[in-house]
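> return a 3D structure for these sequence lines:
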Amino acid sequence: MNWINALLVVILTTLATMFAAANETRVAIGFANLISGEIPLYAPIFIAFLLGFIGGMLSLSFSRRKHKNEIERLRQENTLLQTEVNNLRNLPLQDET
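Numbering: from 1, shown residues only. Here you go, the predicted structure:
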């Protein structure tokens, strides 16, 4: 699996480098009456991609933490139920005579 990750990183890095080399046109970005200086076109695109990636990772980490807490709670409940079942199995049978 590690070689697949390494191959994917090499391919994505190559594509990003090719994209940056092909888009060196200088642009000014304007937002809310603020205008940036002249920057290469690829810079805001990479920044937007990076911010989206970070947002996705944060969202994933919160979701994962929620699920880990749920798994831990269910494991504790399972342990309690297993203990109760074992205790009930060890009770002597009583006749109704």
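> output the contacting helices and strands for the longest helix belonging to the chain.
Secondary structure assigned by DSSP state H gives helix 42-89 as the longest helix of the chain. With contacts defined as 3 or more C-beta pairs under 8 Å, 6 or more residues apart in numbering; DSSP states H and E, the packing partners of helix 42-89 are helix 2-22. Backbone N, C-alpha and C define where each C-beta goes, glycine included.
> just give me how far the helix it packs on sits from the chain centre.
On the basis of C-alpha atoms, centre = their mean, to the nearest Å, helix 2-22 sits 21 Å off its chain's mean C-alpha point.
> check which helices and strands it sits against.
Against helix 2-22 (3+ C-beta pairs under 8 Å, 6+ apart) you get helix 42-89.
> and the angle from the helix it packs on to helix 2-22?
160 degrees (axes from the mean of the first three to the mean of the last three C-alpha atoms, to 10 degrees).
> what is the mean pLDDT for helix 42-89?
In this model, helix 42-89 has a mean pLDDT of 92.
> quickly note the distance from the residue nearest the centre of the chain to Phe53.
Against the mean C-alpha coordinate of the chain, by C-alpha atoms, centre = their mean, the closest residue is Leu60 at 3.2 Å. According to C-beta to C-beta, to the nearest Å, Leu60 stands 10 Å off from Phe53.
> now swap in Ala32 and tell me
The spacing between Ala32 and Phe53, counted by C-beta to C-beta, is 24 Å.
> when the two are compared, which one has more neighbours?
A count of neighbours by other C-beta atoms under 10 Å puts Phe53 above the other of Ala32 and Phe53, at 10 against 5.
> run a quick neighbour tally on Ile39.
Around Ile39 there are 13 residues (other C-beta under 10 Å).
> nope, Asn23 is what I meant
Neighbour number of Asn23 under other C-beta under 10 Å is 13.
> list the contacts of it.
Pro40, Leu41, Tyr42, Ile45 (C-beta atoms under 8 Å, 6 or more residues apart in numbering).
> 6 Å instead?
By C-beta atoms under 6 Å, 6 or more residues apart in numbering, the contact set of Asn23 is Leu41, Tyr42.
> quick one, phi/psi of it?
Taking degrees, to the nearest 10, you get phi -130, psi 60 for the backbone angles of Asn23.
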